[in-house]
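Novice: sequence below, structure please.
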Amino acid sequence: MPVPDPSQLDALEAKLLNFAPVDRLRWAADTFGARAGIGTSFQPAGIVIMHLTKTAGLKIPAFTLNTGLLFPETLELKKKLEAALNIQIEEVHPLETVEQQAVSHGPELWKTNPEKCCELRKVDSLGKKLYDLDLWITGMRRDQSSERASTPLLSLASRPDNSDVWKLNPLVDWSREQVWAYLKEHQLPHNVLHDRGYRSIGCWPCTQISNSGDERGGRWPGFDKKECGIHTKNIKK
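Specialist: The predicted structure is shown next:
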């Protein structure tokens, strides 16, 4: 099926803003077919999106970037979700293992250059996966942080060769409270680290407990950094 022309972006976003999240996902499946994919790091919003997709009977596969530095609790959650939703979540791995990266870039790169570490373990992996997709679906929401406050519902991102890939954030206008209420209502599993005070959960060396009201609080402690780069380094419009 033909991919929408980029000139349709504004009109399509205006249309989708009036849709419920499940209908936004239905549009994604109808428009992009097998070339749509849900990227998830198993944050609560991503779990909602996968559940909405499954219960609506939409065939949109999910994938995750396994950096080799994920918490054991995150990997356990992946197994629970696959069992609960009867799905398989593809793992996309970096070019180098953590041990190989230590040889080529120095040990514990996340301590000396977290930007480079994220590039190697996340950004490059996503770039590779985007060649399989025409639509990348994520769980970004505007209330997560000040940096995400202007996140669009629908936008254009780019693959490493600068070609277009569409990006949909179907829960962009949901609140944290709405997300957690949905998880509770449908008795969906969540990362147990949230119960221990972690707000947003990424790689274990770069995530700590936070009392910040900012949902991205606790990421990359000691650095002026709140994003790994997958949502900031490939923006087109």
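
Novice: and the spatially closest residue to Asn113 that is not a sequence neighbour, how many neighbours?
Specialist: Once flanking residues are discounted, Asn113 sits nearest to His105: 7.9 Å by CB to CB, 6 or more residues apart in numbering. Where C-beta positions appear, they are placed from N, C-alpha and C, glycine not excepted. Using other CB atoms under 10 Å, His105 has 15 neighbouring residues.

Novice: repeat for Asp5
Specialist: Asp5: 9 neighbours (other CB under 10 Å).

Novice: again, but for Cys118
Specialist: The burial count for Cys118: 24, using other CB under 10 Å.

Novice: same question for Ala14.
Specialist: Residues near Ala14, counting by other CB under 10 Å: 11.

Novice: got it, and Glu76?
Specialist: Other residues close to Glu76 by other CB under 10 Å number 13.

Novice: got it, and Asn162?
Specialist: Neighbours around Asn162, by other CB under 10 Å: 8.

Novice: for Val22, same thing?
Specialist: So Val22, with other CB under 10 Å, has 16 neighbours.

Novice: give me the helices and strands touching the longest helix along the chain, please.
Specialist: Ranked by residue count and defined by DSSP state H, the top helix of the chain is helix 72-85. Packing partners of helix 72-85 (3 or more CB pairs under 8 Å, 6 or more residues apart in numbering; DSSP states H and E): helix 44-55, strand 89-92.

Novice: so which of those is the most surrounded?
Specialist: Highest mean neighbour count of those: helix 44-55, a mean of 22 (counted as mean count of other CB atoms under 10 Å).

Novice: on that earlier part again, how near is the residue nearest to Asn113 to Glu82?
Specialist: Distance, His105 to Glu82, using CB to CB, to the nearest Å: 32 Å.

Novice: contacts for the longest helix of the chain next, please.
Specialist: 41-42, 47, 50-51, 54, 64, 87-89, 188-193, 201 (CB atoms under 8 Å, 6 or more residues apart in numbering).

Novice: looking at Leu95 now. What's its pLDDT?
Specialist: Reported pLDDT at Leu95 in the predicted model: 95.

Novice: tell me which residues touch the nearest residue to it once chain neighbours are set aside, please.
Specialist: Closest residue to Leu95 apart from its sequence neighbours, by CB to CB, 6+ apart: Asp124 at 6.6 Å. Residues in contact with Asp124 (CB under 8 Å, 6+ apart) are 94-95, 160.

Novice: helix/strand/coil for the residue nearest to Leu58 when sequence neighbours are not counted?
Specialist: Using CB to CB, 6+ apart and skipping the chain neighbours, the partner closest in space to Leu58 is Ala29 (4.4 Å). For Ala29, the assignment made with DSSP: H, G, I helix; E, B strand; the rest coil gives helix.

Novice: Ala29: neighbour count?
Specialist: 18.

Novice: so for the helix or strand where Leu156 lies, what gets flagged as buried?
Specialist: Element membership for Leu156 (DSSP states H and E) is strand 154-158. Neighbour counts over strand 154-158 (16 or more other CB atoms under 10 Å) mark 154-155, 157-158 as buried.

Novice: any idea which residue of the protein is furthest from its center?
Specialist: Val103 (28.7 Å; CA atoms, centre = their mean).

Novice: any weak-confidence spans in the chain?
Specialist: 1, 212-214, 216-218, 222, 224, 226-227, 229, 232, 234, 236-237 (pLDDT under 70).
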